[in-house]
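Undergrad: Let's see this in three dimensions:
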Amino acid sequence: MVWNTSKRLLVAGLFASASLITHAATTEVAGAKFEDTVHLANTDLKLNGAGIRYKAIFKVYAAGLYLSSKKTTVPDVLASTGPRRVTLVMLRDLSNEEFGRGFMSGIQQNTDKAEKGKLTMQFLRLGELFASVPELKKGDIMLTDWVPGVGTTFYLNGKKLGEPYPDIAFNNALLRIWLGEKPVDSSLKKAMLADTGEEKSSFR
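TA: Numbers count the residues shown, from 1 in each chain. As a prediction, this is how the structure comes out:
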């Protein structure tokens, strides 16, 4: 009886410890949970930073940037050559047209003419991809994964959307939606770059 009681206490202690570890390994942003570490292409990626995309006063989505090592400047992020991930968690319902328009506008404002010319076909494919996606619902999760030698692949709630986009320049163009000189949300840019000095309010 004593042995069984001891075993039960040990098991209970292990479960309690596991619960604490799980809690410590996630970051919560507006109710959306981001794992502090994810595994992609045989690489452990760390959560570089996460924050909220606002449009006017409305929360649109929470976004998290994952890299193999922490970066605090845009040039360092864009120069990284290993796997990358951007995770978007929808905080409200959004039509595919409105969501796609936000992406394409961010690309247009942060990509120079020469780069656009080189990536025209991939941008056209991206527009077609968004047109094929049904309405995005609150709680939906979209992943944008860059894997060297494969390209950029989109996933919605775990389902792969189309074929990879091969050029790292395309992935950089996507990252500049949030990290460019004219980001879709300047406070989100700071949060994704782990600049929390002024943006602690984004983590709520």
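
Undergrad: can I assume Ala169 sits in a strand?
TA: No. Using DSSP: H, G, I helix; E, B strand; the rest coil, the secondary structure at Ala169 is helix, not a strand.

Undergrad: Tell me if I'm right that it and Glu115 touch.
TA: Yes. Using C-beta atoms under 8 Å, Ala169 is in contact with Glu115, at 6.4 Å. C-betas here are computed from N, CA, C, even on glycine.

Undergrad: Which stretches in the chain count as helices?
TA: For the chain, applying DSSP state H gives helices covering 2-24, 74-79, 96-110, 113-118, 120-132, 168-179, 186-192.

Undergrad: Can you add distance to Leu45 and give the ones you listed back as JSON lines?
TA: JSON lines is the format used below for the helices of the chain (distance: least, C-beta to C-beta, whole Å):
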{"stretch": "helix 2-24", "distance to Leu45": "18"}
{"stretch": "helix 74-79", "distance to Leu45": "13"}
{"stretch": "helix 96-110", "distance to Leu45": "22"}
{"stretch": "helix 113-118", "distance to Leu45": "25"}
{"stretch": "helix 120-132", "distance to Leu45": "23"}
{"stretch": "helix 168-179", "distance to Leu45": "14"}
{"stretch": "helix 186-192", "distance to Leu45": "13"}
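
Undergrad: weakest of the ones you listed by average pLDDT?
TA: Within the helices of the chain, the stretch with the lowest mean pLDDT is helix 2-24, showing a mean of 46.

Undergrad: just to revisit the earlier point, just send the helices of the chain back as JSON lines, with mean neighbour count and distance to Asp44 too.
TA: Shown next, in JSON lines, are the helices of the chain (neighbours: other C-beta atoms under 10 Å; distance: least, C-beta to C-beta, whole Å):
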{"stretch": "helix 2-24", "mean neighbour count": "9", "distance to Asp44": "16"}
{"stretch": "helix 74-79", "mean neighbour count": "15", "distance to Asp44": "17"}
{"stretch": "helix 96-110", "mean neighbour count": "17", "distance to Asp44": "28"}
{"stretch": "helix 113-118", "mean neighbour count": "11", "distance to Asp44": "31"}
{"stretch": "helix 120-132", "mean neighbour count": "14", "distance to Asp44": "28"}
{"stretch": "helix 168-179", "mean neighbour count": "22", "distance to Asp44": "19"}
{"stretch": "helix 186-192", "mean neighbour count": "22", "distance to Asp44": "19"}
